[in-house]
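A.B. asks: Model the structure of this input:
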Amino acid sequence: MSLDAKALGAIARKQPILCVCGLVSVILLAVIYLRFDLSSDQQAELGQKNEDLKRYRSNLANSAQLAEQVEAVVKANQLVQDRAIRPGDLAKNLQYFYHIEAETGVKYSELRPGAAAAAKGAAAGIYVPVNFTLTVTGDFPKIITFLRQLERGERFYRLNTMTATQTTSEVILNLNLDLLGQP
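C.D. replies: Numbers count the residues shown, from 1 in each chain. I've put the predicted structure just below:
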């Protein structure tokens, strides 16, 4: 039983609704098949758009107080800059330590600046460490007072090394520390 054009035409005349439904079904199946690949791409694009929308909404919500936050960060940065030293002002930097010595009653047997700050950090515009080596002599309460004064002082510091030795009446404290310096 072969189907040729005449036979198909005869079937179409006898059953027009069936032929139209069959033709529409074939066309719909072809469209669904062809659009199936596009659907996954569109789903991925929709997911990306939803992520972008969430990010935009989050940015809008977070930007409500942006001016106040920027002002707070600027104030905090100014406070840090006020407490940082200038590496080139050797006399002022040493005066900071002499001031602590006068307040606490300890004696320095050695106070010297260490290696110069890294030029790479200064060129990048970030804060640089300014190294100092100290040898402090005093009785135990004075040494503790010195350390507290150093900790509560107006300058930020990082203690690199510390060794303490005790003689009969005194404590000798060797410190290597970095003060926060402006570029």
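A.B. asks: which SSE is residue 108 in?
C.D. replies: If you go by DSSP states H and E, residue 108 is part of strand 107-113.
A.B. asks: Which strands or helices does that strand pack on?
C.D. replies: helix 90-104, strand 128-138 (3 or more Cβ pairs under 8 Å, 6 or more residues apart in numbering; DSSP states H and E). Every residue, glycine included, has its C-beta placed from N, CA and C.
A.B. asks: what pairs with that strand, and is each one parallel or antiparallel?
C.D. replies: Strand pairing for strand 107-113, determined by DSSP bridges: strand 128-138 (antiparallel).
A.B. asks: Give me the pLDDT value at residue 150.
C.D. replies: On the pLDDT scale, residue 150 is placed at 92.
A.B. asks: who's in contact with it?
C.D. replies: Residues near residue 150 by Cβ atoms under 8 Å, 6 or more residues apart in numbering: 100, 157.
A.B. asks: can you check residue 170 too?
C.D. replies: 137, 138, 139.
A.B. asks: Make sure the last one is actually in contact with residue 171.
C.D. replies: Yes - judged on Cβ atoms under 8 Å, residue 139 makes contact with residue 171 at a distance of 6.8 Å.
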